[in-house]
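Asks: Predicted coordinates and the sequence they were generated for:
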Amino acid sequence: MGMGRFLRSKKKPNTQDPLFTIVKEITGLEPRDLSLYKRVFTHSSMEETDENGKKINYERLEFLGDSVIGVIVATHLFHKMPQQDEGSLTLMRSKIVRREFLNTIGEQLGLAAHLSSNVPHEKHGPNVHGNLFEAFVGAVYLDAGFDVCTQFVHAVMITPHVDLQGLQNRVLSYKSLLVDWFQKNKLDYRFDITSAARDGERNYYEAKLWVGGRIVAAAGGTNKKRATEKVSKRGYYHYQHRIKSIKTKH
């Protein structure tokens, strides 16, 4: 018996509520507890509370959905990749549940179009799509149970978008890959990150990769992490013909 059965509202949903139609169109199922989905589509800036004074927004459901997606993806990998060890499975899960990918799924489902917020839509940033997808999955889990939720995640995310063979060659962190390779080959290296001229109104950073006392790559980005990853990617292509086996570990 799923936890959702204990947490569902005992009231019959109002089938005339526009939210009922929205959820049914997204999932193909008739929702039982519309209050869960109301939370999904309520931003914290609305400052709404229930009769007990508890905040009504998607953040707690986002936390739950993140964990549920992780379990569903881990189960999928466990069955589909029987020869892979724990480290390889963990890396593959990270590649699937990365923020950019979840943002894409949430955006394709059009979840942000139904979000009630006092913050202008363009101010939310791209992560709002992934956050809403996680919250929505959390709501489906509580409303319909784990099995139905698993079917939903497979239908909208895993089946149409997860290519395990392609993901095996995807690099999550070029910096991690390069550092690993540099250390194994006992090469002297360093990353220099400096603040540069402004790009519009945002800070801009320049990154340089030094190896053996010379610069092998340079790149820029709107934050230090992005600049470092860009210069690492360029550095990787500089040494690509020499880097082989460790690529699958990153």
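Replies: Noted; the coordinates are in hand. Computed from a predicted model, the values in this text were never measured in an experiment.

Asks: got a list of what residue 243 touches?
Replies: Residue 243 is in contact with 177, 181, 236, counting by CB atoms under 8 Å, 6 or more residues apart in numbering. Where you see a C-beta, it was placed from the backbone N, CA and C, and this is true even at glycine.

Asks: cool, and residue 46?
Replies: Per CB under 8 Å, 6+ apart, neighbours of residue 46: 56, 57, 116, 117, 118.

Asks: What separation do you get for the spatially closest residue to the first one that is not a sequence neighbour and residue 29?
Replies: Looking back up the chat, that one is residue 56. Nearest residue to residue 56 in three dimensions, chain neighbours excluded: residue 48, at 4.1 Å (CB to CB, 6 or more residues apart in numbering). Using CB to CB, to the nearest Å, one gets 25 Å for the distance from residue 48 to residue 29.

Asks: in stretch 123-137, what counts as buried?
Replies: Burial within stretch 123-137, assessed by neighbour count using 16 or more other CB atoms under 10 Å, is assigned to 124, 128, 129, 130, 131, 132, 133, 134, 135, 136, 137.

Asks: again, but for stretch 98-106
Replies: Applying 16+ other CB under 10 Å to stretch 98-106 flags 101, 102, 103, 104, 105, 106 as buried.

Asks: With pLDDT and secondary structure added, can I get those residues in CSV?
Replies: As requested, these are exported to CSV (pLDDT from 0 to 100; DSSP: H, G, I helix; E, B strand; the rest coil):
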residue, pLDDT, secondary structure
101, 94, helix
102, 97, helix
103, 96, helix
104, 96, helix
105, 97, helix
106, 97, helix
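
Asks: Residue 43: which of those residues is nearest?
Replies: residue 106 (14.0 Å; CB to CB).

Asks: Please verify my assumption that the closest one contacts residue 127.
Replies: No - using CB atoms under 8 Å, residue 106 is not in contact with residue 127; the gap is 9.1 Å.

Asks: all strands in this structure, in order from the N-terminus.
Replies: All strands of the chain, identified by DSSP state E, fall at 48-49, 55-56, 189-195, 205-211, 214-221.

Asks: any idea how far residue 115 lies from residue 172?
Replies: According to CB to CB, residue 115 stands 29 Å off from residue 172.

Asks: Any figure for the gap between the nearest residue to residue 68 once chain neighbours are set aside and residue 72?
Replies: Using CB to CB, 6+ apart and skipping residues adjacent in sequence, the residue nearest residue 68 is residue 141, 4.9 Å away. Distance of residue 141 to residue 72, given as CB to CB: 9 Å.

Asks: who has more neighbours, these two?
Replies: residue 141 (29 against 23; other CB atoms under 10 Å).

Asks: quick one: contacts for residue 27?
Replies: With CB under 8 Å, 6+ apart, residue 27 has these contacts: 140, 152.

Asks: what's the answer for residue 185, then?
Replies: Residue 185 touches nothing, counting by CB under 8 Å, 6+ apart.
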